[in-house]
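*Asks:* For reference, the sequence and a predicted model appear below.
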Amino acid sequence: MEHLREEFRKHGIRKAKLGGFDVDGVLRGKYVSLDKFWGAAESGLGFCDVIFGWDSGDALYDNASVTGWHTGYPDAHATVDLSTYRRIPWEEATAAFLLDFEMPVSPRGVLQKVEQKARAMGFSVKCASEYEFFLFKETPESVRAKGYAGLSPLSPGMFGYSWLRASENAPLVHDLLEKLAAFDVELEGFHTETGPGVYEAAIRYDGLMRAADKAALFKTAVKEICARHGVMPCFMAKWNKELPGCSGHLHESLWTASGESAFLDPRGPRGMSKTLQHFVAGQVALMPAFTALIAPTINSYKRMVRGAWSPTMATWGVDNRTTALRVIPGSPSATRVEYRLAAADMNPYIAMAASVASGLYGIEQELPLPAETEGNGYDAKGEPLPATLREATARLSESKEARDLLGSTFVDHYVRTREWECRQFEGAVTRWELERYFEII
């Protein structure tokens, strides 16, 4: 604690920002004075548990059991994870910390338990995430005034890997790279993707918890940095049916206690160790039931269609970008699994918890590796993935493995939140309906 006090003095910290992520991956937090912070750092603080009782639009769930009118929305006890200390480069004299909530429905807490499980099995987990996202010359006010139509992209045209487009927007691009690095969210790569104003960011790998923290903080940080340039990012899985979707691929690997790759065996098929084979088998086996954990929104499933660089079946292949799991062989440090089902709208804590836990399940059960998919994954014979959030939620609700691996209370709450999300959509009158029926029917 004294080291942290010295850090505050050294950098002139005058206030702290404390926050935690809800089920939808939204960062909920507040500023506190330094006196308040030091007290919270010592003994924790109370934080209204409504953040687990409402949706991404602050509408209260009518079906939640962990909190609600029946409990009075009390404070949940939260502890400050001092290891998450960061200075916010774009906010003067401000420190940032993440909170852990003493509630079984906290996404960060669920991932911590998965990491503990991996350690008990003799493994450490490394993970990295990639995000694709659209950038617009818009503001929160302008997109609403325009009805989310006729938006101005940062740049026009379809220019994937464009040296030119990134250079034309160098002030923003460089500010993102430099401020994210100063925020301890270092990027290994950053480039344009196919689509107007689309970029892809590859976050540097790290241990499981730090990787999830970085992935979760990345989206909020990008929004805050871009806002200072008059730009608004969008992390929807599929914001426009005419344009490519936005992925959020996860790269995962296991390591032994001695620091060696648990995935590489030069004597194994395609260099895959038995551990890697079982890990992939577990992910393939549980992916259909776990889809709602990876693809959490109504919109997620608009991306999951044939030919859209997103899987539609639970399949795997070696260096195959048309399968749900892409096994990437190579050196000990590079051998890993790319979990390609995830999109940019994922909650990183939940997506990493579900994908890693399913891999560990495969190791525990010594599941046999199914046949590799070669060639076009859309023509494979794998088990189809749920095509809607409603279907995915029903599959998750029936999964005994989900409850065993992630906790019954969490899964029950998560299912209720997704059922609520489905009902909100099913009761909405969409623009498609108006255009189709308003005049002619």
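*Replies:* Received it, and whenever you're ready, just let me know what you need. If you're wondering where the values come from, they're calculated on a predicted model, not measured in any experiment.

*Asks:* ok, how many other residues are close to P266?
*Replies:* The number of residues packed near P266 is 9, by other CB atoms under 10 Å. For glycine as for every other residue, the C-beta is placed from the backbone atoms N, C-alpha and C.

*Asks:* correction: L172
*Replies:* Using other CB under 10 Å, L172 has 19 other residues around it.

*Asks:* same question, the one 3 residues further on
*Replies:* Under the neighbour criterion other CB under 10 Å, D175 is assigned a count of 17.

*Asks:* Can I take it that it is in a helix?
*Replies:* Yes: under DSSP: H, G, I helix; E, B strand; the rest coil, D175 sits within a helix.

*Asks:* Spatially nearest residue to it (excluding sequence neighbours)?
*Replies:* Excluding the flanking residues, the one nearest D175 by CB to CB, 6 or more residues apart in numbering is I225, at 6.1 Å.

*Asks:* And that neighbour, what's its pLDDT?
*Replies:* Looking at I225, its pLDDT is 98.

*Asks:* now R423: how far from D55?
*Replies:* The spacing between R423 and D55, counted by CB to CB, to the nearest Å, is 11 Å.

*Asks:* thought the residue nearest to D175 was touching L177?
*Replies:* No: using CB atoms under 8 Å, I225 is not in contact with L177, being 10.0 Å away.

*Asks:* Among the two, which residue is more densely surrounded?
*Replies:* Comparing I225 with L177 by other CB under 10 Å, the one with more neighbours is I225, at 20 against 14.

*Asks:* Tell me, how many residues neighbour E398?
*Replies:* 10.

*Asks:* change the start of the numbering to 4 and stick with it
*Replies:* I'll keep to 4 as the first residue from here, and by that count the last item is E401.

*Asks:* so who does the residue nearest to it when sequence neighbours are not counted touch?
*Replies:* Closest residue in space to E401, ignoring its immediate chain neighbours: A292 at 7.3 Å, by CB to CB, 6+ apart. By CB atoms under 8 Å, 6 or more residues apart in numbering, the residues touching A292 are 398-399, 401-402, 404-405.

*Asks:* again, only using 10 Å
*Replies:* A292 makes contact with 317, 357, 361, 388-389, 395, 397-405, according to CB atoms under 10 Å, 6 or more residues apart in numbering.

*Asks:* This structure - how does it break down into domains?
*Replies:* Using automatic domain parsing, the domains assigned to the chain come out as 5-106, 116-435.

*Asks:* can you list those in TSV and add distance to E442?
*Replies:* Shown next, in TSV, are those (distance: least, CB to CB, whole Å):
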stretch	distance to E442
domain 5-106	30
domain 116-435	14
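
*Asks:* Return the most buried member of those domains.
*Replies:* Most buried of the domains of the chain, by mean neighbour count (mean count of other CB atoms under 10 Å): domain 116-435, with a mean of 19.

*Asks:* Helices along the stretch 254-403 of the chain, start to end?
*Replies:* Along the stretch 254-403 of the chain, the segments classed as helices by DSSP state H, counting those that start in this stretch run 277-297, 303-306, 351-368, 392-400, 403-409.

*Asks:* Looking at those helices, which is nearest to L328?
*Replies:* helix 277-297 (5.8 Å; CB to CB).

*Asks:* I'd like the mean pLDDT over the closest one, please.
*Replies:* Confidence over helix 277-297 (mean pLDDT, whole number) is 98.

*Asks:* Spatially central residue in the protein, please.
*Replies:* Most central in the chain under CA atoms, centre = their mean is P351, positioned 2.6 Å from the mean C-alpha point.

*Asks:* my guess is that residue meets A219, correct?
*Replies:* Yes: applying CB atoms under 10 Å, one finds P351 in contact with A219, separated by 4.8 Å.

*Asks:* and for the two, which residues touch both?
*Replies:* By CB under 10 Å, 6+ apart, P351 and A219 have these common neighbours: 24, 28, 110-111, 132.

*Asks:* Might you specify the subset of those located within strands?
*Replies:* Judged by DSSP state E, the subset of the shared contacts of P351 and A219 located in strands is 24, 132.

*Asks:* now the shared contacts of P351 and A219 as TSV including pLDDT?
*Replies:* Shown next, in TSV, are the shared contacts of P351 and A219 (pLDDT from 0 to 100):
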residue	pLDDT
F24	98
G28	98
P110	98
R111	98
S132	98
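
*Asks:* So which of the shared contacts of P351 and A219 is the closest to P299?
*Replies:* Ranked by distance to P299 (CB to CB), the shared contacts of P351 and A219 are led by G28 at 7.8 Å.

*Asks:* Fine by me, we can end here.
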